[in-house]
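K.L.:
Predicted model and sequence follow; I will ask about them next.
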Amino acid sequence: MPNVESYIEGVSFIDEQQLTTSLDNDIQTNIENIAELILNIFDASSFSIVANLPQRAVELYKSGSEIAVAKEQLSDDIFNESIIEHDPKIFRVISLIILPSGLKFGWLIFERASDSLLTEKEKSILNSLQKTL
């Protein structure tokens, strides 16, 4: 059965803050397309894709400002929605990425300036996106 490392080639940790990796071309293209969709559909100001490697969670893609997420917040829940009290309020979604094989690859994380949770239509769109990577 494939694992997360079988989709990510040559992960090398430079130090605690940096790593180098290369992704399969199809996966890289999918990540860029999903990022564009999330930034546009959800009016996201920040977006990140994090892979679930055995050693630790690794950010594979980032757009916008840094999203600080504790490992404890990266759960197996399908969606984790939260409002972060800030000025303005920030709405954060952490969504599990489940590959067609059933492998829990990692998480889609995005933030937008809002004080409302996802609509049913947005949940449906995100549900489709989380299985597209």
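P.N.:
That came through fine.

K.L.:
show me what contacts the residue lying closest to Glu122 once chain neighbours are set aside?
P.N.:
Spatial nearest neighbour of Glu122, chain neighbours left out: Phe42 (6.6 Å); criterion: CB to CB, 6 or more residues apart in numbering. Just so you know, the C-beta spots here come from the backbone N, C-alpha and C atoms, and that holds for glycine as well. If you count contacts by CB atoms under 8 Å, 6 or more residues apart in numbering, Phe42 has them with Val93, Phe110, Arg112, Glu122, Leu126.

K.L.:
just those now: which is nearest Tyr61?
P.N.:
Ranked by distance to Tyr61 (CB to CB), the contacts of Phe42 are led by Phe110 at 11.3 Å.

K.L.:
if we can go back for a sec, now, the contacts of Phe42 that are in strands?
P.N.:
Among those, DSSP state E puts Val93, Phe110, Arg112 in strands.

K.L.:
Need those residues in a markdown table (columns: neighbour count and distance to Glu72).
P.N.:
As requested, these are arranged in a markdown table below (neighbours: other CB atoms under 10 Å; distance: CB to CB, whole Å):
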| residue | neighbour count | distance to Glu72 |
| --- | --- | --- |
| Val93 | 23 | 16 |
| Phe110 | 25 | 19 |
| Arg112 | 20 | 22 |
